[in-house]
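>>> Have a look; sequence and predicted model below, questions after that.
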Amino acid sequence: MIDCHTHTNNSPDAESTPYDMVKKGIEIGLNVMAITDHCEVNMWYPKEHYKETFDYDDYNYMQSFEKSLADIVALKEQFKGDIKLICGIELGQAFMDFTLAEEIISDRRLDFVIGSVHQIYGFQDFFNIDYSKVDIYTLMQGYFLTILKLCKWGKFDILAHLTYPLRYIYKAGYSVDMHRFEPTIKEIFKTIIDGNIGLEVNTSGLRQGCGFPFPTAEYVKKYKDLGGSIISVGSDAHSTDQLANDVQSCIDMIKSCGFEYLTYYVDRKPIQYKI
């Protein structure tokens with residue numbers, strides 16, 4: 001059992017303490033668990049630092065980043081022998097300041113960096129968008145082009161929850177014809193393969209009403225067919241009751257797409273094991 005994408009209350013939108021998350025992981029039989037609290041590059045400093053801000057309370061990620069890493073390092077020592085605990089972060093919006101992003105991920109305590117896009121230029125966080133007032137196809141094309149830009153930078157380990165905006169688009173009652181984005185998605189896959197970056201299967205869509213993970217088996221298979229070999233799985237849990245939700249069914253899906261190994265990271269180095 002493995003879960004390589006989890007959040008504690010060191011992420012502003014999560015509930016459970018790091019201690020409670022790790023204890024729960026041990027109770028349910030996780031062998032490997034990565035804590036990957038949010039670190040939004042475009043909100044690293046206090047709100048007063050920025051000329052243009054959004055009506056969020058979640059600025060000053062510099063502070064929560066330090067708290068998260070300190071907690072994880074302590075828990076790694078406390079639960080040594082009970083669980084393989086990975087010290088990670090979910091690095092959001094690195095494309096908005098690549099220099100700062102590189103400074104953040106140079107921290108030697110980090111085992112693992114997930115690359116994410118939760119917001120693109122000209123829009124609020126996908127969670128806060130009123131989808132009745134935007135052209136969804138313009139938004140999605142902007143999202144995929146931003147992902148491609150992030151992947152060309154390529155200083156992270158795993159690309160998180162590709163197709164993530166669908167979580168909110170479907171919740172708002174809209175559907176999306178994904179076929180028009182196929183060329184860009186193919187270029188994204190080729191870029192991460194060339195850069196030795198992996199692809200995450202994020203299970204959260206299954207518990208949040210979409211009925212599918214991010215990305216779906218269709219895209220996992222395309223990634224494999226193009227030569228992709230590094231793949232991870234994560235629940236994106238924000239509380240103990242979500243930990244490892246639907247992970248086993250997604251591992252079965254990953255196997256059905258032709259993968260024999262899952263990957264996790266220690267000291268920013270990939271470790272593959274047979275599934």
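Arrived safely.
>>> got any ranges where the protein has weak pLDDT?
Nowhere does the chain drop to pLDDT under 70.
>>> which stretches of it form strands?
Counting by DSSP state E, one finds strands in the chain at the ranges 2-6, 32-40, 84-92, 112-116, 158-159, 198-202, 231-234, 261-266, 269-274.
>>> Go through those and name the closest to residue 63.
Counting by Cβ to Cβ, residue 63 lies closest to strand 32-40 out of the strands of the chain; the figure is 10.9 Å. Backbone N, C-alpha and C define where each C-beta goes, glycine included.
>>> so how far is the closest one off the chain centroid?
8 Å (Cα atoms, centre = their mean, to the nearest Å).
>>> Partner strands of it, with direction?
strand 2-6 (parallel), strand 84-92 (parallel) (DSSP bridges).
>>> Compute the inter-axis angle for the longest one and strand 269-274.
Regarding strand 84-92 and strand 269-274, their directions subtend 120 degrees when assessed with axes from the mean of the first three to the mean of the last three Cα atoms, to 10 degrees.
>>> Tell me what angle strand 84-92 forms with strand 261-266.
Using the same axes, to 10 degrees: strand 84-92 against strand 261-266 is 90 degrees.
>>> How about the shortest one?
When the same axes, to 10 degrees is applied, the directions of strand 2-6 and strand 261-266 differ by 50 degrees.
>>> got a markdown table for the strands paired with strand 32-40, with distance to residue 243 too?
Formatted as a markdown table, the strands paired with strand 32-40 follow (distance: least, Cβ to Cβ, whole Å):
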| stretch | distance to residue 243 |
| --- | --- |
| strand 2-6 | 6 |
| strand 84-92 | 13 |
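>>> Of all the ones you listed, which one is nearest residue 229?
Closest among those, using Cβ to Cβ: strand 2-6, at 16.0 Å.
>>> Taking strand 112-116 as reference, get the angle to the closest one.
Using the same axes, to 10 degrees, strand 2-6 lies at 60 degrees relative to strand 112-116.
>>> Can you give me the distance of residue 19 to residue 112?
20 Å (Cβ to Cβ, to the nearest Å).
>>> Give me the more crowded residue out of the two.
Legend: neighbour count by other Cβ atoms under 10 Å for residue 19 and residue 112, higher for residue 112 (25 against 14).
>>> how near is the nearest residue to the more buried one once chain neighbours are set aside to residue 34?
Excluding the flanking residues, the one nearest residue 112 by Cβ to Cβ, 6 or more residues apart in numbering is residue 88, at 3.5 Å. According to Cβ to Cβ, residue 88 and residue 34 sit 4 Å apart.
>>> For those two, indicate the residue with more neighbours.
Comparing residue 88 with residue 34 by other Cβ under 10 Å, the one with more neighbours is residue 88, at 29 against 26.
>>> The more buried one touches residue 115, doesn't it?
No: Residue 88 lies out of contact with residue 115 (Cβ atoms under 8 Å); the separation is 11.4 Å.
>>> contacting residues around residue 160?
Contact analysis of residue 160 by Cβ atoms under 8 Å, 6 or more residues apart in numbering lists 5, 90, 114-116, 200, 202, 234.
>>> Pull out the buried members of the residues you listed.
Those of these that meet the buried threshold are 5, 90, 114-116, 200, 202, 234, by 16 or more other Cβ atoms under 10 Å.
>>> Turn the residues you listed into JSON lines, including distance to residue 177.
Formatted as JSON lines, the buried ones among the contacts of residue 160 follow (distance: Cβ to Cβ, whole Å):
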{"residue": "5", "distance to residue 177": "28"}
{"residue": "90", "distance to residue 177": "29"}
{"residue": "114", "distance to residue 177": "28"}
{"residue": "115", "distance to residue 177": "26"}
{"residue": "116", "distance to residue 177": "24"}
{"residue": "200", "distance to residue 177": "24"}
{"residue": "202", "distance to residue 177": "22"}
{"residue": "234", "distance to residue 177": "27"}
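>>> which among those residues gets closest to residue 99?
For these, the nearest to residue 99 is residue 115 (15.8 Å; Cβ to Cβ).
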